[in-house]
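Engineer: How does the following fold in three dimensions:
(one chain, ligands or ions: 1)
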Amino acid sequence: MGAHDLDASVERIAADIAAMETRGAAAIADAAADALRQQAEHSDAETPDAFRAELRAAARRLLETRPTAVSLPNALRYVLQRMNGDSVETLRRNTVAGAEEFRTRLDRAQADLGRVGANRLRDGDRIMTHCHSTDVLACVETAREQGKEVSAIVKETRPRNQGRLTAERLVELGVDVTLIVDSAARRYLNDVDHVLVGADAIAADGSVINKIGTSGLAVNARDRGTPIVVAAQTIKLDPDTMTGNLVEIETRDESEVIDRPDREAIGDISVENPAFDVTPPRYVDAIVTERGQFPPESIVALMRELFGEAVADPWIESRPSTEFGGDEQ
Ligand code: RI2
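Structural biologist: Numbers count the residues shown, from 1 in each chain. The predicted structure is shown next:
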């Protein structure tokens, strides 16, 4: 394997994320850290510069798969910041240890978040869900372990119907599940105690970026007086938004919305397929994290505490070493 050669496992993991075989912000972060671990383990780089260049190239390949879930760059940052050492073997050991530590912390954070979120749920509560979020499921799982009865109205979540995954998982947890089409949500909002959704990114002003349809659901829920709770580990906080950057909203292929023959039968139309939307903080009652529960407007304080004022992009190729061929040998 020469400089910048990607390990086959990195290509496979990147392709799985792009195709949504691996999906959900936490699972994407976990897979990305594992990809860097495998790149480090399998690298036959002969110099520290070549090793670092390979890992940065692997991170860039992973980054280009899906643009919205900030857990992906946050995971890559965590691992690459631990890529320290003067020899290939030390670099390898530290990178592998960083990736393993990240994955362990991710699991622990979700379990801790589950305990915080479960405190909001009372025995007999009914929730409404949108899409499929493992952070949401962690809250319900803990509530069930505490012996609370929970029922759920599950939105199917067009176009990819991740609601079916949620329904399956909730049934396994002993939750009474009712599946509805997305457009039926408002009709059922009076019958639920909480809207409980996940997040792909949280901006510094407390805006929640989540599966398309979340913002409309939140507006309707507020109109009906139903609390909207977002379950999101701190890995979903986007440090770039502290300096005014906006979160990029992924648009996916139109074939997820309508297949080609049906589209052609209709005539000359455009089809758009944004994967996410932005829910302003005023429609969100609480963000549940592994560090406790926060009103959305206060999330920036936690962001500063965790990330400081400035964040690095350690996957960027440093110019001097490229220019002088240091990374290319
Ligand atoms: P967890 C999903 O996006 C959903 O929008 C979900 O709320 C979010 O990721 C978080 O998932 P997609 O990957 O990290 O299905 O809570 O587009 O599992």
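
Engineer: Around the ligand, which positions in the chain sit nearby?
Structural biologist: Taking Cβ under 6 Å from any ligand atom as the contact definition, the chain meets the ligand at 23-27, 131, 133-135, 162, 197-200, 210-211, 275. Every residue, glycine included, has its C-beta placed from N, CA and C.

Engineer: Mind checking which of those residues are buried?
Structural biologist: The neighbour-count test (16 or more other Cβ atoms under 10 Å) marks 23-27, 131, 133-135, 162, 197-200, 210-211, 275 as buried among the residues of the chain next to the ligand.

Engineer: now, which of the residues you listed lie within helices?
Structural biologist: Residues of those located in helices (DSSP state H): 25-27, 134-135, 162.

Engineer: Now do the contacts for Ala231.
Structural biologist: 113, 117, 133, 135-136, 138-139, 196-199, 288 (Cβ atoms under 8 Å, 6 or more residues apart in numbering).

Engineer: could I get the residues you listed as a markdown table with distance to Ala33 and pLDDT?
Structural biologist: Compiled in a markdown table, the contacts of Ala231 are given as follows (distance: Cβ to Cβ, whole Å; pLDDT from 0 to 100):
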| residue | distance to Ala33 | pLDDT |
| --- | --- | --- |
| Leu113 | 18 | 98 |
| Gly117 | 24 | 98 |
| Ser133 | 19 | 98 |
| Asp135 | 17 | 98 |
| Val136 | 22 | 98 |
| Ala138 | 19 | 98 |
| Cys139 | 23 | 98 |
| Leu196 | 26 | 98 |
| Val197 | 24 | 98 |
| Gly198 | 19 | 98 |
| Ala199 | 19 | 98 |
| Val288 | 23 | 98 |
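
Engineer: which among those gets closest to Pro239?
Structural biologist: The nearest member of the contacts of Ala231 to Pro239, counting by Cβ to Cβ, is Ala199 at 14.8 Å.

Engineer: Isn't that closest one up against Ala232?
Structural biologist: Yes - if you go by Cβ atoms under 8 Å, Ala199 and Ala232 touch, sitting 3.9 Å apart.

Engineer: Mutual contacts of the two, please.
Structural biologist: Looking at what touches both Ala199 and Ala232 (by Cβ under 8 Å, 6+ apart), the common residues are 135, 208, 287.

Engineer: Backbone dihedrals for the second one, please?
Structural biologist: Main-chain dihedrals, Val208, degrees, to the nearest 10: phi -110, psi 120.

Engineer: Offset the numbering so it begins at 779, please.
Structural biologist: With the count now opening at 779, the last piece we talked about shows up as Val986.

Engineer: Using the three-state scheme, assign Ala831.
Structural biologist: At Ala831, secondary structure determined by DSSP: H, G, I helix; E, B strand; the rest coil is helix.

Engineer: For the top helix by length along the chain, list every residue counted as buried.
Structural biologist: The single longest helix within the chain, with elements called by DSSP H, is helix 866-898. Using 16+ other Cβ under 10 Å as the test for burial, helix 866-898 gives 866, 869-870, 872-874, 876-877, 880-881, 884, 887-888, 890-896, 898.

Engineer: and what of stretch 836-853?
Structural biologist: Buried positions in stretch 836-853, judged by neighbour count with 16+ other Cβ under 10 Å: 836-841, 843-853.

Engineer: How far does stretch 795-811 sit from its chain's centre?
Structural biologist: 8 Å (Cα atoms, centre = their mean, to the nearest Å).

Engineer: so how far is the ligand from the residue nearest to Gln816 when sequence neighbours are not counted?
Structural biologist: The shortest distance from Gln816 to any non-neighbouring residue, by Cβ to Cβ, 6 or more residues apart in numbering, is to Ser787 (4.0 Å). Using Cβ to the nearest ligand atom, to the nearest Å, we find Ser787 at a distance of 20 Å from the ligand.
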